[in-house]
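Chemist: Pasted the sequence and its predicted model underneath.
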Amino acid sequence: MTALADAIARSFSAVEPERPAVSPLRALGRRRLSGTEVLAQAIATTAPAASMVLLPVTMLTHETLLAGLITIVVATVAVSLIAACVSQFTRRLAAAGGLYSFVFQGLGTRAALTTGVAMLAKYLGSGALTMYHGGQALIALLAELGLQPRGPWVAAVYLTVAAVILAALVRGVRFAALAILTVEVCSLMFIAGLMMLSGSSDQVAMVDNADSTRGVMLVVLTALFALAGFESATFFGPEAKRPLVTVTRTVLLTPMICGAMFIFAAWAAWSGRADTVVNAYLHGTGTGVSPAVVIMLNLGLSCSWLASSMASSNAASRLAYSMGIERVLPGALAAVHSRLRTPWVALSVIVATVLSAAMAFAAFDAVIADVKVGVRCALIIAYLLVTVASLRFLHRIRELTLPVVCAGWIGGTAAAATLGYIVGLNAYDGRYWAGAAVASVVLAGAAWQRHLRRSRPGALAAVGVFDSPESAEVLPGSGALGTNARGAIALVGADRTDRGGR
């Protein structure tokens with residue numbers, strides 16, 4: 001009670017500042033998203049309904065049923081450990097830059113820019129791939145209904161999809177989250193229900209068996225990419241009602257929830273309950289699957305993939321917005337709609353880029369495999385950097401604990417081993433796209449820092465911006481005001497030094 005009484009007494013004697021402290025991210029409209037809406041954003045990024053189909057297909061194609069089931073369990077544990085490292089930041093910071101801003105706190109500017117490159121590559125690539133697959137599923141659905149889009153009509157399908165996604169995202173973050181949640185839940189219910197109810201079916205999965213010597217590794221990569229997406233919640237910290245609690249819970253729960261669904265799908269493949277789904281996905285009605293099932297499956301897949309594309313574009317827009325505020329990217333990306341409070345310029349640029357790439361995939365299908373490899377490499381680089389950054393950050397603030405050290409070492413080692421295996425395996429096969437992708441991300445981060453140091457050194461000082469309390473949110477006299485590295489007034493500690501205002 002003494003501390004409370006002292007605080008109240010100070011509040012009456014405190015002098016109002018000439019300039020109030022305001023959050024650098026206040027334009028987004030702070031404290032709007034509920035925990036359910038943040039969770040919907042994170043889970044939708046993983047495209048769980050579509051992944052529940054792709055994982056059984058991969059397992060059956062490479063004849064890795066029991067091994068694949070065990071592998072998915074291990075991948076879920078590894079990704080959960082990485083999520084635990086990310087949660088060390090989300091407990092303390094809310095940043096629209098997500099992992100990019102977190103890595104800065106632990107490893108500095110160059111590593112942060114490298115993470116920014118990796119995250120942009122991941123979300124743009126993932127958004128384009130899921131838009132492509134969603135468009136293809138939609139075209140297959142139209143074909144089942146008697147329509148067959150060809151030539152310019154295929155382009156019209158993708159343009160319509162992109163327009164709907166952009167309109168939903170610009171309409172508002174809550175509207176987008178609810179739309180994502182609705183379509184994903186419906187897709188999940190249908191696919192999970194079909195797997196549960198098809199156990200007595202006389203369907204046997206008709207797949208073209210491939211080389212099984214690398215089947216486990218392919219299951220690992222498919223599961224890892226399917227589980228990726230929990231970190232998208234970190235980009236919405238400033239917009240969450242209780243950011244330090246809500247985002248942390250989402251980061252920790254998403255790999256567990258999605259992992260449980262994927263383990264169920266792996267069990268369905270192992271027990272034969274996924275055969276109807278696999279046949280409907282690969283062959284349509286060619287193996288005797290009901291046309292209604294094929295139509296519903298394609299509808300569920302298109303909704304899941306397009307919801308993932310929407311969620312990926314949403315997350316990428318917040319990263320671009322944060323970089324625009326810092327002037328690391330053009331400041332125009334920081335423009336926010338005055339009424340809807342959404343970064344409409346960043347969203348427009350992101351969705352246009354994703355659409356262009358998706359249409360290129362539709363025209364040149366052969367490049368998709370290499371793009372997937374590059375996106376996975378970029379993702380693993382970001383995970384590896386944020387894992388190391390969490391240990392460095394906690395050590396610096398003297399809050400490092402043994403459980404976090406164990407999670408960091410195990411998760412970081414798993415990420416590094418997976419990245420090394422991908423690069424080595426591709427090199428062994430005479431393909432160097434994975435190595436080129438890794439080198440490109442690392443060199444791009446270094447080159448970006450060098451460019452900024454020469455042309456805009458002030459931008460380097462502003463990297464790592466995060467949401468901070470405003471004067472109206474704290475009791476007068478409970479904190480000192482000071483000027484941070486961006487030249488803005490911010491609430492700082494009693495020693496009147498800026499402890500993170502950069």
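Modeler: Great, that's in hand.
Chemist: ranges for the strands of this structure?
Modeler: Secondary structure of the chain, counting by DSSP state E: strands at 480-483, 489-492.
Chemist: Report the mean per-residue pLDDT for the last one.
Modeler: Okay, so that is strand 489-492. For strand 489-492, the mean pLDDT works out to 58.
Chemist: what sits against the nearest residue to G29 once chain neighbours are set aside?
Modeler: In space, and not counting its chain neighbours, G29 is closest to R341: 3.3 Å by Cβ to Cβ, 6 or more residues apart in numbering. In short, each C-beta sits where N, CA and C put it, glycine included. Neighbouring residues of R341 by Cβ atoms under 8 Å, 6 or more residues apart in numbering: 27-29, 32, 172-173.
Chemist: Tell me the buried residues in stretch 63-72?
Modeler: For stretch 63-72, burial by neighbour count (16 or more other Cβ atoms under 10 Å) applies to 64-65, 67-69, 71-72.
Chemist: which outside residues touch that stretch?
Modeler: Counting by Cβ under 8 Å, 6+ apart, 55, 58-59, 62, 209, 212, 215-216, 219-220, 223, 259, 262-263, 266-267, 269-270 sit against stretch 63-72.
Chemist: re the thing from before, can you redo the contacts of R341 as CSV with pLDDT and neighbour count?
Modeler: Shown next, in CSV, are those (pLDDT from 0 to 100; neighbours: other Cβ atoms under 10 Å):
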residue, pLDDT, neighbour count
A27, 80, 19
L28, 86, 20
G29, 80, 19
R32, 86, 17
G172, 85, 17
V173, 80, 26
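Chemist: Need the max-distance pair from these.
Modeler: A27 and G172 (14.0 Å; Cβ to Cβ).
Chemist: burial count for the closest residue to R249 other than its chain neighbours?
Modeler: Distances taken as Cβ to Cβ, 6+ apart place G35 nearest to R249, at 6.5 Å, with adjacent residues excluded. Residues near G35, counting by other Cβ atoms under 10 Å, number 17.
Chemist: Let me see the contact set for G35.
Modeler: Shown here is G35, whose contacts under the criterion Cβ under 8 Å, 6+ apart are 240-242, 245-246, 249-250.
Chemist: In ChimeraX, how would I select the buried members of those residues?
Modeler: Applying 16+ other Cβ under 10 Å to these, the buried members can be selected in ChimeraX as follows:
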select :240,246,249,250
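Chemist: Pick the one among the contacts of G35 closest to A292.
Modeler: Distances from A292 to the contacts of G35, taken as Cβ to Cβ, are shortest for T250 (35.3 Å).
Chemist: hang on, that closest one packs against A233?
Modeler: Yes - judged on Cβ atoms under 8 Å, T250 makes contact with A233 at a distance of 4.1 Å.
Chemist: residues shared between the contacts of these two?
Modeler: Taking Cβ under 8 Å, 6+ apart as the criterion, T250 and A233 both touch 38-39, 42.
Chemist: Kindly reformat those residues as TSV containing neighbour count.
Modeler: Below are the shared contacts of T250 and A233 laid out as TSV (neighbours: other Cβ atoms under 10 Å):
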residue	neighbour count
V38	28
L39	23
A42	27
